[in-house]
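*Asks:* Take this sequence and fold it.
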Amino acid sequence: MNAEIVLQSVLTCPHCKHQEEETMPTDACQWYYECKGCGALLKPNKGDCCVFCSFGSVPCPPVQMRSGDCCGS
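*Replies:* Residues are numbered from 1 along each chain as shown. The predicted model follows:
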């Protein structure tokens with residue numbers, strides 16, 4: 001079964017709760033993201049490969065493509 005990869009994810013800042021829709025990279029993990037609401041530098045939670053897996057509404061494309069293997073880890 002080939003599911004379509006979702007590239008849009010809504011990041012929610014854990015500090016100020018600001019939400020921003022972003023396009024995720026398809027070939028790499030994004031380790032840092034600066035909140036457009038409060039300016040906080042978001043980093044992945046322990047055990048997650050990227051900010052989309054920690055704070056996004058959709059996991060990153062590598063996780064979607066590999067059925068849970070976070071960015072090849």
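
*Asks:* Spatially nearest residue to the residue positioned nearest the centre of the chain (excluding sequence neighbours)?
*Replies:* With distances taken as Cα atoms, centre = their mean, the chain has F52 as the residue nearest its mean C-alpha position (0.9 Å). For F52, ignoring the flanking residues on the chain, the nearest one in space by Cβ to Cβ, 6 or more residues apart in numbering is C60 at 4.3 Å. Bear in mind the C-beta positions are built from the backbone N, C-alpha and C, glycine included.

*Asks:* wait, doesn't the one you found sit right on D48?
*Replies:* No - under the criterion of Cβ atoms under 8 Å, C60 makes no contact with D48, lying 9.1 Å away.

*Asks:* Among these two, which residue is more densely surrounded?
*Replies:* Neighbours per residue, other Cβ atoms under 10 Å: of C60 and D48, the larger number sits with C60, 28 against 20.

*Asks:* Could I get the contacting residues of that one?
*Replies:* Neighbour list for C60: S9, M24, P25, C29, Q30, C49, C50, F52, C53, C70, C71 [criterion: Cβ atoms under 8 Å, 6 or more residues apart in numbering].
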